[in-house]
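Enquirer: here's a sequence, model it:
(chains A, B, C and D)
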Number of protein chains: 4
Amino acid sequence: MGIGTYEEYAERLRKMKHNVYFNGKKWGREGDYISGGMYAIRQTFDCAHDPKYEDVCTATSHLTGEKINRFTHIHRSKDDLLKKQLMTRLLCHRVGGCIQRCMGVDALNALAIVTYDCDQANGTHYHERFNKYLEYSQKYDLVANCAQTDVKGVRGVRPSDQPDPDQYVRIVKVLEDGIVVRGAKICNSIAPYADEIIVTPTRFMGAKDAAYAVAFALPGDWEGVKLMALPGKHPKRHHLDSPMSTVGDVESMTIFDDVFVPNERVFMNGLENPDVVQYAGYLALMFAHFHRHSYTGCKTAVSEVIAAQAALVADVNGIAKEDHVREKISHIIGTAELVFAAGQASAYRAVEFPNGSWVPDEILTNAGRRIAGQEIYHEYSILADLTGGICASLPTELSYYDPETAELCNKYIVRNPKYTAEETHRVMRMMENKLCDPFEGAQMVAGVHGGGSPLMETITMMSRYDLEPLKDIAKYLAGINKDLPRYERPTATPRAMLDKFKKTQK
Amino acid sequence: MGIGTYEEYAERLRKMKHNVYFNGKKWGREGDYISGGMYAIRQTFDCAHDPKYEDVCTATSHLTGEKINRFTHIHRSKDDLLKKQLMTRLLCHRVGGCIQRCMGVDALNALAIVTYDCDQANGTHYHERFNKYLEYSQKYDLVANCAQTDVKGVRGVRPSDQPDPDQYVRIVKVLEDGIVVRGAKICNSIAPYADEIIVTPTRFMGAKDAAYAVAFALPGDWEGVKLMALPGKHPKRHHLDSPMSTVGDVESMTIFDDVFVPNERVFMNGLENPDVVQYAGYLALMFAHFHRHSYTGCKTAVSEVIAAQAALVADVNGIAKEDHVREKISHIIGTAELVFAAGQASAYRAVEFPNGSWVPDEILTNAGRRIAGQEIYHEYSILADLTGGICASLPTELSYYDPETAELCNKYIVRNPKYTAEETHRVMRMMENKLCDPFEGAQMVAGVHGGGSPLMETITMMSRYDLEPLKDIAKYLAGINKDLPRYERPTATPRAMLDKFKKTQK
Amino acid sequence: MGIGTYEEYAERLRKMKHNVYFNGKKWGREGDYISGGMYAIRQTFDCAHDPKYEDVCTATSHLTGEKINRFTHIHRSKDDLLKKQLMTRLLCHRVGGCIQRCMGVDALNALAIVTYDCDQANGTHYHERFNKYLEYSQKYDLVANCAQTDVKGVRGVRPSDQPDPDQYVRIVKVLEDGIVVRGAKICNSIAPYADEIIVTPTRFMGAKDAAYAVAFALPGDWEGVKLMALPGKHPKRHHLDSPMSTVGDVESMTIFDDVFVPNERVFMNGLENPDVVQYAGYLALMFAHFHRHSYTGCKTAVSEVIAAQAALVADVNGIAKEDHVREKISHIIGTAELVFAAGQASAYRAVEFPNGSWVPDEILTNAGRRIAGQEIYHEYSILADLTGGICASLPTELSYYDPETAELCNKYIVRNPKYTAEETHRVMRMMENKLCDPFEGAQMVAGVHGGGSPLMETITMMSRYDLEPLKDIAKYLAGINKDLPRYERPTATPRAMLDKFKKTQK
Amino acid sequence: MGIGTYEEYAERLRKMKHNVYFNGKKWGREGDYISGGMYAIRQTFDCAHDPKYEDVCTATSHLTGEKINRFTHIHRSKDDLLKKQLMTRLLCHRVGGCIQRCMGVDALNALAIVTYDCDQANGTHYHERFNKYLEYSQKYDLVANCAQTDVKGVRGVRPSDQPDPDQYVRIVKVLEDGIVVRGAKICNSIAPYADEIIVTPTRFMGAKDAAYAVAFALPGDWEGVKLMALPGKHPKRHHLDSPMSTVGDVESMTIFDDVFVPNERVFMNGLENPDVVQYAGYLALMFAHFHRHSYTGCKTAVSEVIAAQAALVADVNGIAKEDHVREKISHIIGTAELVFAAGQASAYRAVEFPNGSWVPDEILTNAGRRIAGQEIYHEYSILADLTGGICASLPTELSYYDPETAELCNKYIVRNPKYTAEETHRVMRMMENKLCDPFEGAQMVAGVHGGGSPLMETITMMSRYDLEPLKDIAKYLAGINKDLPRYERPTATPRAMLDKFKKTQK
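Expert: Below you'll find the model as predicted:
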């Protein structure tokens, strides 16, 4: 209890109702299409049981005092934040990219804070409900998806003013024992192999948007939940299996087709109390913030994996010692180090919130996430540069095993004598997967957009950074102000936006 | 005669022997795997017959005076160079990227010059042979591949010093009526659907490498030629066919498994005359030069297509008027304009060679190609930015047609009311193809490496740019030299390297 | 006649009234403060008489058929545009940067077109006046400044709505024989040593801004014209004179303190006819356009000079052969080549205007100017990198001549044995001037802003680029449109904005 | 005692012998040329006495337990490193750039470690000597310069193989009570107003270079020490004095003209014991390392000052709310935050050395310093962009006070009504100082080179980063290795290079 196993998880999935749709059919949670994603999630169970990773992958529940998987833990200290970041980084190494499970823990942490603050301000009772839900999640070590991004319809038009009012998820009916919701969330990773789907708003809501100020959690196969899936996989290997070729994911558009949510799973309902509505955006930002902080762990690993592949392929190509190669690899490493440092520094500057959670600094978190997002395509470009055109023109795997061609193919693939033909083949096959592959194409896109694109980070940074005291430095230097107070930027969190928003709503 | 048709071309392919290998089988030149590539090549025939493109896609043979397809033409004026560049650009628009046929015309143009120069210097007789071959190519409007990049074995080791002497294509036997060659060329596009494979060396050769100084042409299905193929395709569409989803290619490692080449198809043979050996590198550079000049046409189009897609998807997303969006699109457009301008300026500065060919300026050509290569991943990154995560998580095509899900999927895809659900779907499907797709992944890699990576262009530019007269400007300004001669950089061509190489070989 | 001499020019300056103000005094046009600027202008006379530059520096007047200085010529062909660009480049080499005289020829060319078009549309008579003025300018080879940038007061507020109506130059009184103007122009180079000041509007004007739609020309010392000057000079040298240390300039804020302009020198007056007002912005854009085209010549030279200095200092430092050094130099060279190519290509695409002038393509011109502006600080950064900290800590010149220190200073400056101590000293002194100097600091700023900053070029490009036909490429590829018309971007000029503006004004 | 005052410092300087040379004369340590530098140093005394800065600017001596100025402190904990970084940042705000005194504390810290390690390994007695010297420095709060960069003569040639053996500082004679040294150090800031000059080697030395393995400290006016100075100042203000215009510095080439160094001030002497020679490079690296860590404090401040000036000038110009402006400012802020985070993270990862010192992580320190160096010119470019051309063409200060011109000048400078004419003038005058000024030009150069250019940081990073365990990630993902050990990069310090060097010297 508290730390689950892959087998239990897989067993739970097998029992779920079939509500995954793709290629014109309805699917259960088994088979090839889902195995790559489950392989990634598996690491989060296995490592929690592995003494080598236990220090970062487990934690102690503040609710029960039990040892739990850190993916279900609420961060109660700076150390928790540091360990969450490190856990994310280490697990990402094992799958060569996204570990896929962070959105769940990020959603839980956002809800822990926002339900508490909302209750305190408005006399609602979401936090208690949430804590029960959290305890349940911790007990069974449940895998949670977070469904945040609405399909949004016409950009620049508020939810309640949309021609089609369902373009943001909303409450269409309030019943005694629950609510009925309708709408769709896109860019929704891992929903088809998550135990739970946690739904949060995607933006600030105004008074007219009360029905859109809604947060809740449901099992992934709940009545009316329909997952329009896009399986992401590397091409099947016949002889050269590897972790890189095994990992995959499934994205989805998650549709709520008039879905009943029982009250005990509703964590925000703007129709219940108009003052709750303001907390929609606060929750949206808080989730984004924790998620971007997770990105300072995973993006570090993503860059380290790219640097590792760059270093390996350069060696296989016999160019590892050339200055330009070392310069390019050092650039990737430098980014990885800076992104991780930003996440660490934001954890060191974290502040405690009323519910006992700790929240990292938002400027630093966003600065770290942003540079990662700005660099990602460039990093793939370096990989392409160092690999050479071979990754885009490698004969198919079976040509290296077809008796008519195998000998010639293997003869002509060797380069650096340190590496056998098969090793060279393995590396180039990996680079083909990395650079010419729908799954990795999606990883590049996720590198830009996951957690919010660089543009969003810029907006967040500038919303939170108070330029006035900074400008005082310049006024002092120009001789306009006679004194210069000691200038240190205070820690920034989404709380500032809630306060600002409340003011403008008055 | 002179301008072929797609039907003739397809018919020729159908008749060829089966020597294409992939997925563990041997294939003929028909079927799905090859249709996308043939679709691209088809444009080069169709447009030559289309009055709207005739001015750029046809030319007059300097051998026969006949009207021919420009893809078989030798550039005899600056205007020819400008038209070749423009043709490449216009045809690339039609397939959303590489038009695939330029390597043939670039190889022919390189051979036209080098065979002549070699004959003049060494008393050989390659040019006459070449002209006969050219006339034959022009007559039937043959599609030619150019096989240049050797597999190369251990980097930094000369061909003749390699542990395996076959890592560069070489002559293993000289017979009365021809030669026998062995080796393999990689990164070899379109070979499986080319009529002809033209083989050129990949680097300068020293005296010991005489057997490697070899150039020749063979039909694609010639005895002993084995094509280890990698078909490149977008995923099959069921309902939303489009040019973007139709186009494809086939890459190959082209193996010469002790292949006999009859004398009339040998255009360079270092074993015949030791002085010929120096022309291997000259030919390598000359092909690279013409090919990079072609890239100033196609890369312009590649960037324009990206800008077009960026502008369209931004409009579909309803963000077309935002400043940052316009700034990003203008950046892509700016690159396209600069790359094309570089190619044009290099054509305007072209010089006539002894055989009557015109050669564009090498510094400008390389400066243009380089910036295109440096920007390519960044341009895709902008596309990812403006498209949003949807391109990496779009439900599968059939979900939009499955009666159980179609209505919901279509309901939740509309954004800008200017575009219907199907149009929005079409655009997002195109963006999925563009950003999360093995074929386009390969296009990105080709954007870096095709014709030589930015590093190669830097090396070429710096080999050819004479810094001494440039430094005289600085010496004059510093007061070290009393006078400043009028400084204009002379036109640069690969000829300079031949001269330099000849000197160092003495 | 037609091609003046430096002596005539200096003599004219000497005779001018004293209206230059700085350091708390009023100055005439002689002495140290002005000699560096006059040195630059001198090149434009001397080279026009020098057979080695005659082909580019002289032209034939379309008014008189006389041979004239190209700096007073109206471009009547593509060749004129190409030669103006090349002239600018070559002369800039001689002064290590801005040749300073181009704004005059750019203003004349803008007026030639706009006065004609305005007359044709509105029945005014500016063109005839202008031609007389032009003939006079050509006859005496007058040096003209162009005063365009108003001080502008509150940004985002129209001229006539400003709290202080004088923040844009305006007509305050209309008299029988002329007008009285008031206002100030900033960022106004060379006015203190120009024969003539040509005044043009800085933006489009609306109906209420009729008094601001004004263009005219005046001698530099005209009654009421006050030049608030900022002399730009390198520190005085005692022993190591050089062109680099000799060149300078004078900037000014040019104030029109209720200045009478006789009618024959008025080339636009919005109070005369309300339809003239629309031509204010057209003239502003047309001047900016010609000026940016000139920048494709001078910025090329600026980068070439930087590359020359980089190559020289790298050699002096003994690092010229290192890969990273060659890569950095090649980057600067590449930019120079692309910028020049953009200017050439825009000239090759030029179109003839009704008055017989030729106008280069605006997209290409702006794309070229923009990349130059974006790269300029980076280029100085490369110089700093290759020079080393010595340029910021070189002992003063006299320490190399003071008997107590000279020997030691010279002993410890030698590096590469190819260069003597004095030569090394000269080069490092030049680099100090280049990198740590108010004059060159201003050159860097001018590299960003001169002719309009990169942001302005982006705005211009996007205003003129029609995205609709470009988007058709994407619609065709997506299968939305069935056909793809041949896509070639038409030549763009400021005329399009006039037409657009006229439409929006109705 | 322990924390000095500016007055004591100034008094010490006044008493020093005249050995500063520039403009052909010998100077004492008073007057205008030196006041700007002394103004900067003054902050380090005043703030140590200021309760608002005391926590960061003072420390407790580990030798005496006394409260001392942190600029003379040896870092004995992670907290010391964090505080040193923060002190540097805060003080730099006060002078708008370099606080100038960090090189002293960095040299002391390097010597503390290296003398100890050398003694332990070789039985020498440098550490005790050093501690006495340190105690003396702490007692009087002495300002120390560090002279590291030799003039170096012919690049790529070892010190002992140089045509002139004096191009690196060396011992020319060993006496009973000391040594005699000869040579010159360049790029040597603040030497003319430092109490002490600490001399360290600039590179690793081989066995033949034993005489070059030398470190020592001398008073700045010691017999035979000759300072070839370059005063750096902003132009004198007449009415608008400000901190920005007051600060300055003096650079020097510091010549050792056969200087006797008494034994108690010699901290390394390769002629004493051949095994000491290896410690020369170790000391060079250790100083560079501490110095780069200081840069993570000052470069943060430099960027913050630029961001502050950018925000202020944008407001004065009335463009503060435009998206592109906010994006540009956020970019500078992001860099500042990342650089500081890198320095903090390297402090958090610090390790204790045998002597009790703490050494921050070298990879992170270098990654932070590098990005600062790469961005510096770009940041000035943003300033130029947001300021506009006015910073390069502002009328001279006195024109705003000359009765004939003052009214007009002030009338035409106002922009944003929030700012008076004088305030606007002050800001623009500051921007002129920032962008068009020899002192700030030197600051830009220092931004690239101070502490080592980005290239040096890349080399350091790649020398210390062990790619083998990193590559294991890629080997695991490719399926070459079956297991993946938990990968966390160990802390890196210069000690690794000493060990490597010792190995190669055997």
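
Enquirer: who in the stretch 101-250 of chain A is up against chain D?
Expert: Within reach of chain D by C-beta under 8 Å from any C-beta of the partner chain, the stretch 101-250 of chain A has these residues: A:240-245. Placement of C-beta: from N, CA and C, glycine included.

Enquirer: can you map out the helices along the stretch 151-300 of chain A?
Expert: Using DSSP state H, counting those that start in this stretch, the helices found in the stretch 151-300 of chain A span residues A:243-246, A:278-316.

Enquirer: between the lowest-mean-pLDDT helix or strand in chain A and helix A:278-316, how many degrees?
Expert: Every helix and strand of chain A was ranked by mean pLDDT, DSSP states H and E. The lowest is helix A:495-505, at a mean of 87. Helix A:495-505 and helix A:278-316 are oriented at 140 degrees to each other (axes from the mean of the first three to the mean of the last three C-alpha atoms, to 10 degrees).

Enquirer: hmm, helix A:495-505 in reach of chain D?
Expert: No - residues of helix A:495-505 are not located near chain D by C-beta under 8 Å from any C-beta, the shortest gap being 15.9 Å.

Enquirer: generate a PyMOL selection restricted to the buried subset of the residues of the stretch 101-250 of chain A next to chain D.
Expert: Remark: buried members of those, expressed as a PyMOL selection using 16 or more other C-beta atoms under 10 Å in any protein chain shown:
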select buried, chain A and resi 240+242+243+244+245
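
Enquirer: which pair of the residues of the stretch 101-250 of chain A next to chain D spans the longest distance?
Expert: A:240 and A:243 (11.6 Å; C-beta to C-beta).

Enquirer: any shared contact partners between the two?
Expert: Counting by C-beta atoms under 8 Å, 6 or more residues apart in numbering or on different chains, the shared contacts of residue A:240 and residue A:243 are residue D:479.

Enquirer: circling back to that earlier point, now render the helices of the stretch 151-300 of chain A as TSV, adding mean pLDDT and distance to residue D:78.
Expert: Formatted as TSV, those follow (pLDDT from 0 to 100; distance: least, C-beta to C-beta, whole Å):
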stretch	mean pLDDT	distance to residue D:78
helix A:243-246	96	36
helix A:278-316	98	21
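
Enquirer: can you list those helices in CSV and add distance to chain B?
Expert: Shown next, in CSV, are those (distance: least, C-beta to the nearest C-beta, whole Å):
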stretch, distance to chain B
helix A:243-246, 14
helix A:278-316, 10
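
Enquirer: wait, which of the ones you listed is closest to residue D:490?
Expert: helix A:278-316 (14.3 Å).

Enquirer: domains in chain A, by residue range?
Expert: A:290-462, A:466-505 (automatic domain parsing).

Enquirer: out of these, which one sits most buried?
Expert: domain A:290-462 (a mean of 24; mean count of other C-beta atoms under 10 Å in any protein chain shown).

Enquirer: could the helices of the stretch 151-300 of chain A go into CSV alongside distance to residue D:233?
Expert: Output for the helices of the stretch 151-300 of chain A, formatted as CSV (distance: least, C-beta to C-beta, whole Å):
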stretch, distance to residue D:233
helix A:243-246, 60
helix A:278-316, 43
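
Enquirer: out of the ones you listed, which comes closest to residue B:493?
Expert: helix A:278-316 (32.4 Å).

Enquirer: beyond the closest one, next helix or strand please.
Expert: Following helix A:278-316 in sequence order, the next helix or strand is helix A:323-348 (DSSP states H and E).

Enquirer: show me what that next one is packed up against.
Expert: helix A:78-95, helix A:278-316, helix A:362-387, helix C:323-348, helix D:323-348, helix D:362-387, helix D:454-464 (3 or more C-beta pairs under 8 Å, 6 or more residues apart in numbering or on different chains; DSSP states H and E).

Enquirer: got the residues of the stretch 201-350 of chain A near chain C?
Expert: Selection of the stretch 201-350 of chain A residues close to chain C by C-beta under 8 Å from any C-beta yields A:323-324, A:327.

Enquirer: in CSV, list those along with pLDDT.
Expert: As requested, these are exported to CSV (pLDDT from 0 to 100):
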residue, pLDDT
A:323, 96
A:324, 97
A:327, 97
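
Enquirer: what about residue A:181, distance to residue A:255?
Expert: Residue A:181 sits 11 Å away from residue A:255, going by C-beta to C-beta, to the nearest Å.

Enquirer: sorry, wrong one. I was asking about residue A:346.
Expert: 35 Å.

Enquirer: ditto for residue A:461
Expert: 34 Å.

Enquirer: next: residue A:220.
Expert: Residue A:220 sits 13 Å away from residue A:255, going by C-beta to C-beta.
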